[in-house]
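J.: Here is a sequence with its predicted model. Questions after.
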Amino acid sequence: MELEFTAEEKAFRKEVRSFIQENLPAETRERVKEGRGTSREMMVEWMKILAAKGWSAPRWPAEYGGPGWTPIQQYIFLEELQFNHAPEPQGFNISMVGPVIYTFGNEEQKKHFLPKLLDCEYWFCQGFSEPGAGSDLASLKTKAVRDGDDYIINGQKTWTTYAQHANWMFALVRTDPDAPKKQMGISYIVFPMDLPGITVRPIQTIDGGVEVNEVFFDDVRVPVSNLIGEENKGWDYAKFLLGNERIGIARVGASKAKIQRIKELAASMPVGEGSLMDDPRFRQKVLETEVKLKALEMTQLRVLSDIAVRGGKKPHPASSVLKLVGSEIQQTCTHLLMDVVGPYAIPKSTGGEGSNEPSVGPEWADAIAPGYFNYRKVTIYGGSSEVQRGIIAKAILGL
Amino acid sequence: MDFELSEEQQLLKDMVARFMADRYDFETRGKYMKEPLGFDPAIWEAYAEQGLLALPFAEEDGGIGGGGVEVMIVMEEMGRALCLEPWMATAVIGASILRNGATDAQRQALAEEIIGGACKLAFAHSETAARYDLAHVGTKAEKAGDGWTISGAKTLVMWGGAADKLIVSARVSGGVRDEDGVALFLVDPKAEGVSLQVYDTQDGLKAAEVTLDGAAGELLGDAPGTGMAVIRQAADEAIAALCAEAVGAMEKALNLTVDYIKQREQFGRAIGSFQGLQFQASDMFVELELAKSMAMYASMCARDPDPVERSRACSAAKAQVGRSLKALGERSIQLHGGVGMTMEYSIGHYFKRLSIIDRMFGDVDFHLQKLDEVGGLAA
């Protein structure tokens, strides 16, 4: 056993860090650091910078335009992005639809889509969840009915992240309503968002922002050639993705950056004669989070080591902890930021961009409460904490 | 970065696990506990035969040269079996002190005895008002001719009654909590001026209060007054070992609990089919994995030459393991229901050992405080 990374891996980390420091646009960095979210333009600009370097798809094999990195390099890259306030590669393109296309798509599809995913010429969104199909995704109802060389799609998707930015969607649709099991009649299909019959309706979330949308399909015609893989095998492809996400899902680098920011901001918040960092009770809360984060980091490294040594064909049991604990720690960081900002969590944005009014309280303060509200999502999306606990109980403990 | 066991380490793990499976089932353990020493001397001899007592010593001292990871492997299995013998006191704490705070001649002589099974050690360090402060040493050592005499009182000396030699910390200069001025001595527990009050501990082990009244001691090493660095190193190794022991005990406690709720039926079905219990079992698994990760971390850092980094890692590990063992241990009793409350059933014994591990070498609050003093965990 060995905790240290090799000299080559350390050099790689340095290379990544310098690249980010030299190439990440300052405004994007600030937006990520302050948790304000990035615009479509910022994201595409950053993806083009990464793509030009060949780094926009850290997990992809070299033959499809990825850098061909080892799992450890992938981890280091993602950790450095997170720690240095850089956006991660556009996840729907790079982590979700890309691997499905290069694993299950035909040659033509690979040739057409993969390059456009890498530099975000196509911005994909994910059409999975529906009003009646959340944690129980397989009960989805949006249907695609064959009509000559087309499918005709009718139904509704929801919680569609950045549908307003997207020009393409990958979706799970029901192609066989009579299949013996609900998982068996589902297909995986891609199509442009500007097809007639598609309507996007934004959903404002409790933080006041719009990240998610409802998407309605009203007799939308999609050519059969847009099907990825085989008809009625879509559930398998979606499941393949779930197992694909074990590197970086704990978001250790992002939480490390948050802790650092929490300490910096706390030191700037006056309390009595000193600052909030002089309060031992506050420091204790930060420390408890740091300790748990260290335990999470070590767990992530165990899983990574298993992938590096054994190829990770069978998921390491500890990998089921990563999302569960990682999301809890991300939320704890937002609690701590609320403690830091104190009463200045109260005002909604007054100053800032496009406003002539001075901000009330510290300039960074107005993003804190929305960040706290917004991060309730992390224990809900991508398999809620309850779903994760259910998986542990059934798949690992055999209950 | 590599968290996999080497082939030799896997063999060691298999060997110890097999030994425990053969010799240390829960009922037999109950018999060992009734022995006068609180454990079966035949098991100690078997440890010697299996090389477990040679494990921590360097090859030139007749040992095997095992490091932190090897200690972790053994302690984890011992935790799983709830072992009763002073392996940690002798082969972890004792061996660490001999490695770092003894002369070559002292180390070689004692290593030979220990490896052969003829010498068990106990670390007589803690004092009544010390709580978890390692530097709190009020016991005094004075020069007397060629040797030293020691006077003072030591408390909570784990396995003190079984020890063939005590390692005693005493002050040669300075005030009661000074970092400088502490020395370590070998004391024969049967020597004149040494008295022991042996008692049972809550988790079924034995400890002793040791009173020293002008007892003769052999100075360990040749630089009296520099003992604290040696003590701190040994304490960090002990912490790493305890974390591993806790992981073994936690894993066993989780397995026992899951097996129990799979077979226990109420309302016409196994209680493990209820989601309320399943979620609790899942949370126990999460605690186990976090603790396991930190035990590995501590075992890899326990001999870090940088004392600040070393103790930072060990404090973080002890704090996390302390939190995890409590969360897991308490739930393991809860999910067992009434039988979890009985002495007859093993789960309560695991819970008790885990609860006591939390009290050894600093609890959660103590280690968070220590981390606070060094500015937290570095990114």
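T.: Thanks, I have the structure now.
J.: Any figure for the gap between B:Arg331 and B:Asp358?
T.: From B:Arg331 over to B:Asp358 the distance is 15 Å, taken as CB to CB, to the nearest Å. In short, each C-beta sits where N, CA and C put it, glycine included.
J.: quick one, strands of the stretch 1-150 of chain B?
T.: B:121-124, B:140-144, B:147-158 (DSSP state E, counting those that start in this stretch).
J.: Kindly reformat these as CSV and extend each row with distance to chain A.
T.: Output for the strands of the stretch 1-150 of chain B, formatted as CSV (distance: least, CB to the nearest CB, whole Å):
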stretch, distance to chain A
strand B:121-124, 26
strand B:140-144, 34
strand B:147-158, 26
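J.: Which of the ones you listed sits closest to A:Trp235?
T.: Nearest to A:Trp235 among the strands of the stretch 1-150 of chain B is strand B:147-158 (56.4 Å), distances taken as CB to CB.
J.: So what are the sheet partners of the closest one and their directions?
T.: strand B:140-144 (antiparallel), strand B:206-219 (antiparallel) (DSSP bridges).
J.: what's the most buried one of the strands of the stretch 1-150 of chain B?
T.: strand B:121-124 (a mean of 29; mean count of other CB atoms under 10 Å in any protein chain shown).
J.: tell me the pLDDT at residue 350?
T.: Assuming you mean chain A. Looking at A:Thr350, its pLDDT reads 62.
J.: my bad, the chain I had in mind was chain B
T.: Looking at B:Tyr350, the pLDDT reads 98.
J.: same question, B:Ile43
T.: 98.
J.: Likewise for A:Glu353?
T.: Per-residue confidence (pLDDT) for A:Glu353: 61.
J.: and if you look at the one 4 residues further on?
T.: In the predicted model, A:Glu357 carries a pLDDT score of 78.
J.: Could you measure from it over to A:Arg251?
T.: Taken as CB to CB, the span from A:Glu357 to A:Arg251 is 35 Å.
J.: Those two: which has the busier surroundings?
T.: A:Arg251 (25 against 9; other CB atoms under 10 Å in any protein chain shown).
J.: wait, the more buried one sits on A:Lys323?
T.: No: taking CB atoms under 8 Å as the definition, A:Arg251 is not a contact partner of A:Lys323, at 9.3 Å.
J.: Please state the offset of stretch A:31-38 from the chain centre?
T.: 14 Å (CA atoms, centre = their mean, to the nearest Å).
J.: For the stretch 51-200 of chain A, what lies in contact range of chain B?
T.: Applying CB under 8 Å from any CB of the partner chain, we find that the stretch 51-200 of chain A lies next to chain B at A:72, A:83.
J.: For the stretch 251-399 of chain A, give me the ranges with low pLDDT.
T.: A:350-355 (pLDDT under 70).
J.: 80 instead, please
T.: Low-confidence segments of the stretch 251-399 of chain A, defined by pLDDT under 80: A:312-313, A:349-359.
J.: Let me see the confidence value for the spatially closest residue to A:Pro25 that is not a sequence neighbour.
T.: Sequence neighbours aside, A:Glu45 is the residue nearest to A:Pro25 in space, at 6.5 Å (criterion: CB to CB, 6 or more residues apart in numbering or on different chains). Per-residue pLDDT puts A:Glu45 at 98.
J.: One more: A:Gly243?
T.: 62.
J.: got it, and A:Gly248?
T.: A:Gly248 carries a pLDDT score of 75 in this model.
J.: I'd assumed it was in a helix, is it?
T.: No: counting by DSSP: H, G, I helix; E, B strand; the rest coil, A:Gly248 falls outside a helix, being coil.
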